[in-house]
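Novice: Sequence isn't available, so here's the structure alone:
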Ligand code: AMP
């Protein structure tokens, strides 16, 4: 069975985001971009499933500008087989539109499992996997910490929930979203980075997928973006008596 993995190009998690001066969003000029960390985990999981003989091919898809090809190449260097770049020219595409595009590709590629990140760290939406599952009418295993394909039509997904862990048995094809503890992604070796440059990446437009251009138009309007308040530095107290004094007389909480 084929695995489809969605990989999003996002601002690197080590970068402190800078706002545009008009407050309309995050300024991405000259900012380091990387594969979304949860998607890196998704790629790693799909490759492990292939290495275990449970998956025959790992196909990556990224939706955005032509620069998203770099994101696909990152996953190909880890060991994925090929990529599909859906060039919408607009990096700020919303989850519902992404889910509709992924649905179209999952159906045309006839994949057995779709693995996406639980959330993209730029919009923190945590919606795409769930929407995709609903649109496809396939079962979903979200926030996965274990993905165990039992047969061509069954997968066990262990999920992180508030009270602990829950294991679901899902019929395949299914949609899985990755949590942090699923695995630790491998580093791509230099020879694999070189090999990845030659792996196929097909470029498709919305028209190629039979989708109208206007369907990626945003449904949400960002009214304002503000940086979080700068936190005041804490103070050290010498002993418990001083702490109680400060809580009583300065913070007024006792
Ligand atoms: P979100 O619902 O926006 O938090 O995103 C959840 C997951 O959906 C991400 O971790 C990706 O796997 C996938 N995804 C979202 N947007 C894109 C995109 N533009 N291209 C590829 N995958 C995406």
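Specialist: Arrived safely. What you see is a predicted model; the values in this text were computed from it and never measured. Numbers count the residues shown, from 1 in each chain.
Novice: Tell me where the model's unsure across the stretch 51-200 of the chain.
Specialist: Confidence mapping of the stretch 51-200 of the chain against pLDDT under 70 gives the ranges 90-91.
Novice: Show me which residues of it are close to the ligand?
Specialist: 62-64, 93, 95, 98, 116-117, 119-120, 123, 125-129 (C-beta under 6 Å from any ligand atom). From N, CA and C alone the C-beta is placed, and that goes for glycine too.
Novice: Which members of the residues you listed are positioned in strands?
Specialist: Residues of those located in strands (DSSP state E): 62, 63, 64, 116, 117.
Novice: of those residues, closest to residue 233?
Specialist: residue 117 (34.5 Å; C-beta to C-beta).
Novice: The residue in the stretch 51-200 of the chain that the ligand sits nearest to bridge partners, please.
Specialist: Nearest residue of the stretch 51-200 of the chain to the ligand, counting by C-beta to the nearest ligand atom: residue 117, 2.3 Å away. With DSSP bridges applied, residue 117 shows beta-bridge pairing to residue 178.
Novice: which SSE is residue 103 in?
Specialist: helix 95-109 (DSSP states H and E).
Novice: Which parts of the stretch 151-254 of the chain are helices?
Specialist: Using DSSP state H, counting those that start in this stretch, the helices of the stretch 151-254 of the chain run over 190-196, 240-249.
Novice: Out of those helices, which one sits most buried?
Specialist: Across the helices of the stretch 151-254 of the chain, the average number of neighbours (mean count of other C-beta atoms under 10 Å) peaks for helix 190-196, which reaches a mean of 13.
Novice: contacting residues around it?
Specialist: Applying C-beta atoms under 8 Å, 6 or more residues apart in numbering, the contact partners of helix 190-196 are 73, 76, 77, 78, 79, 188.
Novice: So which of those is surrounded by the most neighbours?
Specialist: Among the contacts of helix 190-196, residue 76 has the most neighbours (other C-beta atoms under 10 Å), with 27 neighbours.
Novice: Confirm that it sits in a strand.
Specialist: No. Counting by DSSP: H, G, I helix; E, B strand; the rest coil, one finds residue 76 to be helix, located in no strand.
Novice: Could you find the closest non-adjacent residue to residue 139?
Specialist: Among residues not flanking residue 139 along the chain, residue 170 sits closest, at 4.1 Å (C-beta to C-beta, 6 or more residues apart in numbering).
Novice: Arrange the ones in strands among the residues of the stretch 51-200 of the chain next to the ligand in a markdown table, one row each, with neighbour count as further columns.
Specialist: What follows is these, written out as a markdown table (neighbours: other C-beta atoms under 10 Å):
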| residue | neighbour count |
| --- | --- |
| 62 | 28 |
| 63 | 26 |
| 64 | 22 |
| 116 | 29 |
| 117 | 26 |
